[in-house]
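Participant: Sequence first, then the predicted structure, then my questions.
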Amino acid sequence: MPILETSRLVLRRWDGKDIVPMAEINADPEVMRWIGGGTTRTEEQTKRAIEHWENEWNTQGYGLLAVEVKESGELAGFVGISVPTFLPEVMPAVEIGWRLGRSFWGKGIATEAAREVLRFGFVDCGLTEILSICQVGNDASERIMQKLGMHLERETIDPTCGRPVKVYAITSPVAK
């Protein structure tokens, strides 16, 4: 998988140096507020998650990518596509998602990275539709979905935590 780039960002596969900064992001209660039940993650849980994300790349040919800021080399978080098995009612499906450290919020990084990941999903992976799922009340993520041209497909309940979620979708502009 080639490294994806935007004007400000490098979207790349994970390596060992990403565990600590991603664990710091995952340990922030404000970052994790809208993820599942809202609980933070430990460094060991982050390490296992990164191993899982890398395995998805190896088995599916896509997954979550580390988002690195070109100017500073800092890990901002992740953006990528994966299979949303936590929400069986939308399966089969591929979801685009993101999680950034709080210091990277409000700078257009998630939108910029997500646009490139959508391009990758549609053009390089040949996907015809990509979903995005956010908990009701996560207005920042919902705005990103709308900026990406996604439309609200449904509201439902995340069975893993009982919280209401919104499911957005976008169809490939290159789909035949």
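Facilitator: Thanks, I have it. Bear in mind the structure is a predicted one, so any value in this text is a computation, not a measurement.

Participant: Next one, pLDDT for the nearest residue to T39 once chain neighbours are set aside please.
Facilitator: In space, and not counting its chain neighbours, T39 is closest to M32: 6.5 Å by C-beta to C-beta, 6 or more residues apart in numbering. No exception for glycine: its C-beta is placed from N, CA and C like everyone else's. Note for M32: predicted pLDDT of 97.

Participant: Compute the number of surrounding residues for M32.
Facilitator: 17 (other C-beta atoms under 10 Å).

Participant: same deal with G137?
Facilitator: With other C-beta under 10 Å as criterion, G137 counts 12.

Participant: So what does P84 look like in phi/psi?
Facilitator: Main-chain torsions, P84, degrees, to the nearest 10: phi -80, psi 70.

Participant: Compute the distance between it and D28, please.
Facilitator: Distance of P84 to D28, given as C-beta to C-beta, to the nearest Å: 23 Å.

Participant: re earlier: identify the residues contacting the residue nearest to T39.
Facilitator: 26, 38-41 (C-beta atoms under 8 Å, 6 or more residues apart in numbering).

Participant: Please, which helix or strand holds N58?
Facilitator: If you go by DSSP states H and E, N58 is part of helix 43-60.

Participant: Now do that helix: which elements does it pack against?
Facilitator: With contacts taken as 3 or more C-beta pairs under 8 Å, 6 or more residues apart in numbering; DSSP states H and E, helix 43-60 sits against helix 19-26, strand 75-82.

Participant: which other residues reach the first one?
Facilitator: Defining contact as C-beta under 8 Å, 6+ apart, one finds that helix 19-26 is touched by 31-32, 40-43, 45-47, 49-50, 66, 74-75, 77-78, 99-101.

Participant: try 10 Å
Facilitator: For helix 19-26, the external contacting residues (C-beta atoms under 10 Å, 6 or more residues apart in numbering) are 14, 31-32, 35, 39-47, 49-51, 53, 66, 68, 74-78, 99-104.

Participant: which residues of the chain score low on pLDDT?
Facilitator: Low-confidence segments of the chain (pLDDT under 70): 1-2, 175-176.

Participant: From the centroid of it, which residue is nearest?
Facilitator: Nearest to the mean C-alpha position of the chain, counting by C-alpha atoms, centre = their mean, stands G97 at 2.2 Å.

Participant: And that one, how far from K17?
Facilitator: For G97, the distance to K17 - C-beta to C-beta - is 22 Å.
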